[in-house]
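A.B. asks: I'll drop the sequence and a predicted model, then ask my questions.
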Amino acid sequence: MGAPVLIASDVCKRFGPVQALRNVDFRLEPGEVHALLGINGAGKSTFIKILSGALQKDSGTIRIGGEDVHFRAPEDAIRAGIATVQQHPELVPDMSGLDNIFLGRETASRSLMGRIDREALEARADALLARFAVPIDLSQEVGQMSAVEREAVAILQAIAVDGIRVLILDEPTSTLTDVEREDLFALMNQLRAQGIAIIYITHQLEEVFAIADSFSVFRGGACVARMSVDEARSSGVSLADLMLGEAVGDIFPKKADPDARGDVFLEVRDLSLTHGFENVSFTAHRGEILGLFGLVGSGCDELAKSIFGVDPPDQGEILIHGRPVSLRKPREALDAGIFLVPGDRRTEGLALSRHSLFNVPMANLRRAAGGRWGLKSRQLRSDIQRLTDQVALHPPHLNTPASGFSGGNQQKIVLAKGLYSEADIYIFVEPTVGVDIGARAKIYGLMRDLSERAAVIVVSSDCDEVHGVADRTIALHKGRHVEPESGVFSRDDLLMAGIMGKGSL
Ligand SMILES: Nc1ncnc2c1ncn2[C@@H]1O[C@H](COP(=O)(O)OP(=O)(O)OP(=O)(O)O)[C@@H](O)[C@H]1O
């Protein structure tokens, strides 16, 4: 590899009392795929926001191609050759892929290029596309595209500017299926072959070995390790241990004793929703964690929301403690003792502008109101403090707006809200997306504790998560449920059931 394309030295950043970055040193070679690792709140996003001009460092230096640079805005970073694809790229769904690329071009580079030459850009998009492994029809509206196609459009938008040398991808695989992830990796390999260096944030540690050349580990705002993947492989170092600064054992709690399985708290019988799922039946018991595995399009998400009254079923029955119920709204489901931890916490789980003291009690205002003397604020505060400690919220500031927390810590606030609700039935949808490995172990442990008094259902498109945490599993494939032929699914059978619908009833 040649001279580094990017060198950051001694970079510091503070948010009020929080030292988000401490003397970070970092370097990147041309064509290097470099993973940025660290637990939630370690400082990864802050660092890439500084590299992409979205935030300004307090001190330190950044050199691109040997020259000192100072970014006051994202345009400065783009001009210096650094492009960024955010975790949730802001594309316009009812515009075509091509128009979205131009739109990015217009906003990012009007000042750089002056007039926009659409024909040249179209030719450039074609040229870029010709080298992409993933066939993608750019005339299609973005809203109609698959997740990996949207990611590809966002990447094209980012690199369509002349002179891009560094591409930053913030958790690009968090919404992709395994197959789509392979497509994205093929795409990244092509960019690498063109000499573009890629900084890549992920919480999926196996991905580091699949795609990266090297990685850095952030802990407590400092960069505590930098290593090549070959070095890590030969030394057998544990990435999770490096991230946490301590040894991590098995992240999944012990399975429940089948004899300890308690009463049926929730039963669904022949539940159907048009364009969602068909004739789904299962029981969920106190004393066990039931896993529901399904890929995107399986109907899992729709099923969870339907049970929670967001989009009530067209047919079938829901029984709670053996009694049929009709839940037409989430408020009715909450009152009936069901709590849903939704998949998309940004739009469904949290009021982002409000702090934890507001968000956590939202699902159980009766408890928060605390009887005839109205709000008992001291009690409320100490309850919320206990719950946010239980989920390991970091930093443990109750008065910070949810938007001021890292993504994984926002998920922990939603979990604390669920615990405060004191429900009998918990449905967790994709509970650990964006959550680091240490916090994942804590969350799985919490689920196990909850299952002692409640029925816990974990809905996830991560087969290892469902198989690891659940005592009993079923799969959903194209809206129909699949049960194991002989008692329990092995991990591979569960995966096959989710992908192929094998053993469909
Ligand atoms: N705008 C902000 N205001 C106040 N504190 C912030 C802000 N942004 C980040 N922080 C704090 O800075 C620290 C680093 O956060 P950062 O988002 O960089 O972590 P991260 O490693 O990207 O985490 P995650 O994996 O959860 O995305 C955290 O303690 C976070 O709460």
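C.D. replies: Right, received. Where do you want to start?
A.B. asks: The stretch 401-505 of the chain against the ligand: which residues are in contact?
C.D. replies: Gly404, Phe405, Ser406, Gly407, Gly408, Asn409, Asp436 (CB under 6 Å from any ligand atom). In this view, the C-beta of every residue, glycine as well, is placed from N, C-alpha and C.
A.B. asks: JSON lines for those, including distance to Arg261 and secondary structure?
C.D. replies: Formatted as JSON lines, these follow (distance: CB to CB, whole Å; DSSP: H, G, I helix; E, B strand; the rest coil):
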{"residue": "Gly404", "distance to Arg261": "41", "secondary structure": "helix"}
{"residue": "Phe405", "distance to Arg261": "36", "secondary structure": "coil"}
{"residue": "Ser406", "distance to Arg261": "37", "secondary structure": "coil"}
{"residue": "Gly407", "distance to Arg261": "35", "secondary structure": "helix"}
{"residue": "Gly408", "distance to Arg261": "32", "secondary structure": "helix"}
{"residue": "Asn409", "distance to Arg261": "33", "secondary structure": "helix"}
{"residue": "Asp436", "distance to Arg261": "31", "secondary structure": "coil"}
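A.B. asks: Below-threshold pLDDT in the chain: ranges please.
C.D. replies: 1-2, 104-118, 120-121, 128, 130-134, 175, 246-249, 345-348, 366-376, 503-505 (pLDDT under 70).
A.B. asks: Which positions in it make contact with the ligand?
C.D. replies: Close to the ligand, as judged by CB under 6 Å from any ligand atom, the chain has residues 15, 18, 20, 38, 40-46, 395, 404-409, 436.
A.B. asks: Now do the domain split for this structure, please.
C.D. replies: Taking automatic domain parsing as the domain assignment, the ranges for the chain are 6-92+163-244, 250-337+423-436+455-505.
A.B. asks: could you dump these to CSV with mean neighbour count?
C.D. replies: Formatted as CSV, the domains of the chain follow (neighbours: other CB atoms under 10 Å):
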stretch, mean neighbour count
domain 6-92+163-244, 19
domain 250-337+423-436+455-505, 19
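A.B. asks: Of the ones you listed, which is nearest Met362?
C.D. replies: Met362 sits nearest to domain 250-337+423-436+455-505 of all the domains of the chain, at 9.6 Å, using CB to CB.
A.B. asks: where does that closest one sit relative to the chain's centre, distance-wise?
C.D. replies: 20 Å (CA atoms, centre = their mean, to the nearest Å).
A.B. asks: which residues of the stretch 151-300 of the chain fall in helices?
C.D. replies: 178-193, 205-211, 229-235, 239-244, 300-307 (DSSP state H, counting those that start in this stretch).
A.B. asks: mind listing what Leu365 touches?
C.D. replies: Listed by CB atoms under 8 Å, 6 or more residues apart in numbering, Leu365 has no contact partners.
A.B. asks: how far away is it from Phe358?
C.D. replies: Leu365 sits at a distance of 11 Å from Phe358 (criterion: CB to CB, to the nearest Å).
A.B. asks: again with Gly349
C.D. replies: From Gly349 over to Phe358 the distance is 13 Å, taken as CB to CB.
A.B. asks: With neighbour numbers in mind, choose between those two.
C.D. replies: Gly349 (23 against 16; other CB atoms under 10 Å).
A.B. asks: mind listing what the more buried one touches?
C.D. replies: With CB under 8 Å, 6+ apart, Gly349 has these contacts: Val341, Pro342, Gln410, Gln411, Val414, Lys417.
A.B. asks: could you say which helix or strand contains the fourth one?
C.D. replies: Looking back up the chat, that one is Gln411. For Gln411, the host element (DSSP states H and E) is helix 407-421.
A.B. asks: and that helix, how far out from the chain's middle?
C.D. replies: Worked out by CA atoms, centre = their mean, helix 407-421 lies 14 Å from the chain centre.
A.B. asks: And stretch 222-238, by the same measure?
C.D. replies: 24 Å.
A.B. asks: what do you get for stretch 145-163?
C.D. replies: On CA atoms, centre = their mean, the centre of stretch 145-163 falls 19 Å from the chain's centre.
A.B. asks: Can you give me the buried ones in it?
C.D. replies: Buried residues in stretch 145-163, counted by 16 or more other CB atoms under 10 Å: 145-161.
A.B. asks: Sheet-wise, list the partners of the next helix-or-strand element following the helix holding Gln411 with their directions.
C.D. replies: Using DSSP H and E, the helix or strand that follows helix 407-421 in sequence is strand 425-429. Paired strands of strand 425-429, with direction, are strand 338-341 (parallel), strand 455-460 (parallel) (DSSP bridges).
A.B. asks: next SSE after the shortest one?
C.D. replies: To tie it back to what came earlier, the one meant is strand 338-341. Criterion used, DSSP H and E; the element after strand 338-341 is helix 356-359.
A.B. asks: and that following helix, what does it pack onto?
C.D. replies: When contacts are defined as 3 or more CB pairs under 8 Å, 6 or more residues apart in numbering; DSSP states H and E, helix 356-359 sits against helix 377-390, helix 407-421.
A.B. asks: what about those, which gets the closest to Glu90?
C.D. replies: Closest among these, once you apply CB to CB, is helix 407-421, at 15.9 Å.
A.B. asks: Which other helices and strands does the closest one contact?
C.D. replies: By 3+ CB pairs under 8 Å, 6+ apart, helix 407-421 packs against strand 338-341, helix 356-359, helix 377-390, helix 437-451.
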